[in-house]
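1. Predicted model and sequence below, questions to follow.
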Amino acid sequence: MSKGWFQDLDELHSSMHWKVGDGKSALFWKDSWCGDGPFMYRFPDLYRIAEEKNCSVAHHWEAHEARAWRIRLTRAIREEETCQAAVLMGNLRAWELSTTEPDRVFWQFDPTRGYSARQGYRWFIRNEEYNTGLAALHVKKMNAALFYLDHNDEHKMSSRNAV
């Protein structure tokens, strides 16, 4: 596979933002849900030592009496990592998960609605700087489908005229 596919998928994923409700769908480290961008990029030292890198936001929320965040690490935090840990915990301090609302994903290019394939296609077509790999394939498939329809319509027309 070409790098273009993965670059486009990364571009698409980075344009998504989660509105966390119960925390069961959004990924704690890998999704953008609290501030600007995923925690894995904002706190790389902590991500490197995280015990569970693919878990949900809810996995780290302790909803018992304490109502606190619990981030499990493979080792104790070193002195040079304390700043990142303090900033991360500061970001999380304002968050509390809902028991009734599910997580919802929003697209930064149309925050009033969730992502749809139609919006994604329009975005790829309008933004030539991102028109590589996946976007180019969408255009090629669309052009091929239109050519196929035109070709079939001409064939039907010519067969009708012959009768």
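-> Thanks, I have the structure now. Numbering: from 1, shown residues only.
2. show me what contacts Met40?
-> 29-30, 47, 53 (C-beta atoms under 8 Å, 6 or more residues apart in numbering). In this view, the C-beta of every residue, glycine as well, is placed from N, C-alpha and C.
3. So it versus Ala85, what's the distance?
-> Separation of Met40 from Ala85 (C-beta to C-beta, to the nearest Å): 15 Å.
4. who touches Glu62 in this structure?
-> So Glu62 contacts 68-70 (C-beta under 8 Å, 6+ apart).
5. By neighbours, which of the contacts of Met40 wins?
-> Trp29 (20 neighbours; other C-beta atoms under 10 Å).
6. Let's verify that residue: helix, strand, or coil?
-> coil (DSSP: H, G, I helix; E, B strand; the rest coil).
7. what's the helix or strand for the residue lying closest to it once chain neighbours are set aside?
-> Leaving aside its chain neighbours, Trp29 sits nearest to Met40 (4.5 Å; criterion: C-beta to C-beta, 6 or more residues apart in numbering). Assigning secondary structure by DSSP states H and E places Met40 in helix 39-42.
8. So Leu46 versus Lys53, what's the distance?
-> Taking C-beta to C-beta, one finds Leu46 at 11 Å from Lys53.
9. Right, I'll leave it there.
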